[in-house]
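**Q** Sequence first, predicted coordinates after that:
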Amino acid sequence: MNYFRTKDTIYIVLMIYKDLIDAAKSRKDELNRYFKILKKKKPKDLDTRFHSLHEEVFRKVDCLQCANCCKTTSPIFREVDIERIAKKLKMSVSGFQDAYLKFDEDGDWVLQSSPCTFLMPDNKCFIYDIRPQACREYPHTDRKRMVQILSLTEKNALICPAVAEITRELLQHKA
Ligand code: SF4
Ligand code: SF4
């Protein structure tokens, strides 16, 4: 019985995450206009506002019940990431690149397919301890100089329910 209850709970949580992203899609233009203003004004407290919302929202959002980033987008694999992961998997660098990666339009190494090959059925990452830096830092809302990555944050609001919620709060309390 607990098993079914758990499955139901996971389903409800996923629906909530989907609703957060759908709501972010409906606010897309409003967020774009606001971020344009922020890019011009460069408010001094912008990092503080983002970081405190990041802490607050990630206390509620459970990545292991979501994994939408791993399911829908690819991280960039830097050379150092590729070398570290290939070594751990006992593969050559070129063997790893051939098996899993391709160049994107910017010339960066990205996954050949999504969901990510290393995402396991329980939403855990098979290479968690050695995952690419981009995965460790996603969704980047606790970074310094957030003003420099507002365009990326806009895109991530349509992928990550946490960013959807962080940007909703920002819009609601516009300075
Ligand atoms: S970082 Fe965002 S998209 Fe990725 S698993 Fe966590 S909540 Fe989901
Ligand atoms: S390497 Fe791991 S954390 Fe990164 S996208 Fe794949 S499953 Fe997700």
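**A** On my side now, so go ahead. Here the structure is a predicted model, which means the values were calculated and not measured. Numbering: from 1, shown residues only. Ligands and ions are numbered 1, 2, ... in the order given.

**Q** Thought residue 168 was touching residue 23, still the case?
**A** Yes - proximity of residue 23 to residue 168 meets the contact threshold set by Cβ atoms under 8 Å, at 6.9 Å. The C-beta positions use only the backbone N, C-alpha and C, and glycine is treated the same way.

**Q** The closest residue to residue 62 other than its chain neighbours: helix or strand, and which one exactly?
**A** For residue 62, the nearest residue in space outside its immediate sequence neighbours is residue 13; the separation is 7.1 Å by Cβ to Cβ, 6 or more residues apart in numbering. In this structure, residue 13 is located in helix 2-26 according to DSSP states H and E.

**Q** out of residue 23 and residue 168, which sits in the more crowded spot?
**A** residue 168 (18 against 14; other Cβ atoms under 10 Å).

**Q** tell me the secondary structure for the more buried one?
**A** Here residue 168 takes the helix state, with states given by DSSP: H, G, I helix; E, B strand; the rest coil.

**Q** Renumber starting at 72 from here on
**A** Got it, first residue is 72 now, which makes that one residue 239.

**Q** which residues touch it?
**A** When contacts are counted by Cβ atoms under 8 Å, 6 or more residues apart in numbering, residue 239 is found next to 91, 94-95, 98.

**Q** Would you mind checking the residues you listed for buried ones?
**A** Neighbour-count burial (16 or more other Cβ atoms under 10 Å) is assigned, among these, to 91, 95.

**Q** Would you format the contacts of residue 239 as CSV with distance to ligand 1 and pLDDT included?
**A** Listed next are these as CSV, based on distance: Cβ to the nearest ligand atom, whole Å; pLDDT from 0 to 100:
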residue, distance to ligand 1, pLDDT
91, 9, 95
94, 15, 96
95, 12, 97
98, 17, 96
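
**Q** burial of residue 141, as a residue count?
**A** Counted by other Cβ under 10 Å, the residues lying close to residue 141 total 24.

**Q** what about it, distance to residue 134?
**A** Taking Cβ to Cβ, to the nearest Å as the measure, residue 141 falls 9 Å from residue 134.

**Q** list residues touching both of these two?
**A** For the pair residue 141 and residue 134, residues contacting each of them under the criterion Cβ under 8 Å, 6+ apart are residue 194.
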